[in-house]
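Asker: generate coordinates for the sequence data below:
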Amino acid sequence: MSFNPLSVILSKNKLIGDNFTDWKRNLNIVLTSERYKFVLLEACPPEPAANAAKAIREAYDKWIASDDMARCYMLASMSNVLQQQYQGMRTAADVMTSLQAMFGETSTCARFEVV
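Answerer: As a prediction, this is how the structure comes out:
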């Protein structure tokens, strides 16, 4: 695996909460360039049986490895407090769903409607 120069935008723009929309846009750029974004859009395939076809095993292994990398990019580009909160989550999609609930656009709109 080679270093992606685009990943610098994540290290310079860590998620701290109120910058969620910008952080998510930058994350999508990096995950797309690395071809990991699909793990945010597609569910994990079921774990193949021991006697499963090689193509099925490879697809599963690719999804798992890509999800691990996507989660690493996400966690590495968060504040330390958020890293501790999200490091135990199982998938990148789980992390994103939780972050969107906490900081996402709909969450922001709801806060303004309450006020």
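Asker: now stretch 83-97: buried residues?
Answerer: Residues Tyr86, Met89, Thr91, Ala92, Ala93, Val95, Met96 are the ones in stretch 83-97 that count as buried (16 or more other C-beta atoms under 10 Å). Using the backbone N, CA and C atoms, a C-beta is placed for each residue, glycine as well.
Asker: nearest residue to Met74 in space, please, no chain neighbours.
Answerer: Using C-beta to C-beta, 6 or more residues apart in numbering and skipping residues adjacent in sequence, the residue nearest Met74 is Val95, 5.4 Å away.
Asker: counting by contacts, list what the helix or strand where the one you found lies packs against.
Answerer: Secondary structure from DSSP states H and E places Val95 in helix 92-103. Judged by 3 or more C-beta pairs under 8 Å, 6 or more residues apart in numbering; DSSP states H and E, helix 92-103 is in contact with helix 20-34, helix 38-41, helix 54-76, helix 80-86, helix 105-114.
Asker: tell me which of the ones you listed sits nearest to Glu47.
Answerer: Closest of these to Glu47 is helix 54-76, at 6.4 Å (criterion: C-beta to C-beta).
Asker: for Gly88, helix, strand, or coil?
Answerer: coil (DSSP: H, G, I helix; E, B strand; the rest coil).
Asker: what is the least confident helix or strand in this structure?
Answerer: Least confident helix or strand of the chain, by mean pLDDT, DSSP states H and E, is helix 105-114 with a mean of 45.
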